[in-house]
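Peer 1: can't give you the sequence, but here's the structure:
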């Protein structure tokens, strides 16, 4: 996050009710902490500061500057690429599945297949999804329409020895067979009675 | 691969025309190599043996025993899980996109979304796809229909600030705007002339 953004108190309105020890955590983020802190308090304050930074981050990425930075990072493939083979290494954007903190980790959104995936990098997967918000990728793609890739209509076709697998065969044939066998057994048993 | 399978010469019919130094490579695989080999030949023979083992592997996995072992490995999630969030960690099976050796690395097939992905583990991604054949997952799922998961019709819905993104807005609105602007400019220029 831009330091300037954090220093403008207008941008932080309301966040003081979200975390305890708001002022101290903010001082820690902006490197203005002057008080002496005991070791056991340090870990707690560190966690609070991380949480607060995440909340500020969630607001910042939706600003003009934030989306611009995210678009840049996407171009540099910093969030990785789509794991789907037919998306041909399409760069992805981070997305949260919910805007509530502490629910789910961050996922990545592929604009080509328009689906969400678990992030490829371990580092990214430990971040809370709410810190990136559920709106981010769609806002970025609205603002930078040249980042929207051409769709690829190719789909994977399952084949056995070069022959297509019939979709009905694939899913239902065996299940139906089992069902029929069970019905036969049941009928036999009833006939014996 | 089962050692018994390799030792039955019937299973290897035709493979001797696929690799050079076939007999020595086979001896190396089955630990029967008796000849002395120089260091510079060793690397070459090692590569040939790997190739030959891959070809045997491709035949073996399509046998009854091979598919049973693959089904077991799938149950133990040894090939990883589907990276798609809505597939909820569905175990995957390895698949080749082609049956020709040396073309493409192995991919993984998710039976829930019926799509192919880059393998999550680095180790798996260095293996040639042809060594697993393009038929493997579909054959396994035909033979073990209980491994076919229930489909999940949930799809990801892009939202900005909680509102759905209209699919037309998402892709076309901005592009159309640019197009219109360009047309206006062109008309202006023609009017000036």
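Peer 2: Thanks, I have it. All values derive from a computational prediction rather than experimental measurement.
Peer 1: List of residues touching stretch A:5-24?
Peer 2: With CB atoms under 8 Å, 6 or more residues apart in numbering or on different chains as the test, stretch A:5-24 has contacts from A:25-26, A:29-30, A:33, A:35, A:45, A:48, A:51-52, A:55-56, A:59-60, A:63, A:65. (C-beta placed from N, C-alpha, C; glycine too.)
Peer 1: Contact residues of chain A facing chain B?
Peer 2: Contact residues (CB under 8 Å from any CB of the partner chain) of chain A with chain B: A:83-86, A:97, A:99, A:107, A:109, A:114-118, A:120, A:134-135, A:137-139, A:141-142, A:145, A:148, A:155-156, A:158-162, A:165, A:169-171, A:173-175, A:178.
Peer 1: and these, which are buried?
Peer 2: A:83-86, A:97, A:99, A:107, A:109, A:114-118, A:120, A:134-135, A:137-139, A:141-142, A:145, A:148, A:156, A:158, A:160, A:165, A:170-171, A:174 (16 or more other CB atoms under 10 Å in any protein chain shown).
Peer 1: Buried ones in stretch A:8-18, by neighbour count?
Peer 2: Of all the residues in stretch A:8-18, those buried under the rule 16+ other CB under 10 Å are A:11-12, A:15.
Peer 1: what's the biggest helix by length in chain A in contact with?
Peer 2: Longest helix in chain A, counting residues (DSSP state H): helix A:39-60. Here helix A:39-60 makes contact (CB under 8 Å, 6+ apart) with A:1-2, A:5-6, A:11-12, A:15, A:18-22, A:24-26, A:28-29, A:37, A:66, A:99, A:101, A:127-128, A:130-133.
Peer 1: any weak-confidence spans in chain A?
Peer 2: Residue ranges of chain A with pLDDT under 70: A:1, A:152-153, A:166-179, A:193.
Peer 1: quick one, helices of chain A?
Peer 2: A:3-7, A:22-29, A:39-60, A:64-75, A:122-125, A:136-143, A:167-168, A:174-192.
Peer 1: Quick check, central residue of chain A?
Peer 2: Nearest residue to the geometric centre of chain A (CA atoms, centre = their mean): residue A:107, 1.7 Å.
Peer 1: list the contacts for residue A:165?
Peer 2: By CB under 8 Å, 6+ apart, the contact set of residue A:165 is A:158-159, B:138, B:142.
Peer 1: Return the member of those residues nearest to residue A:73.
Peer 2: The closest of the contacts of residue A:165 to residue A:73 turns out to be residue A:158 (CB to CB; 35.9 Å).
Peer 1: Provide the backbone phi and psi angles at that closest one.
Peer 2: Dihedral pair for residue A:158: phi -60, psi 130, per degrees, to the nearest 10.
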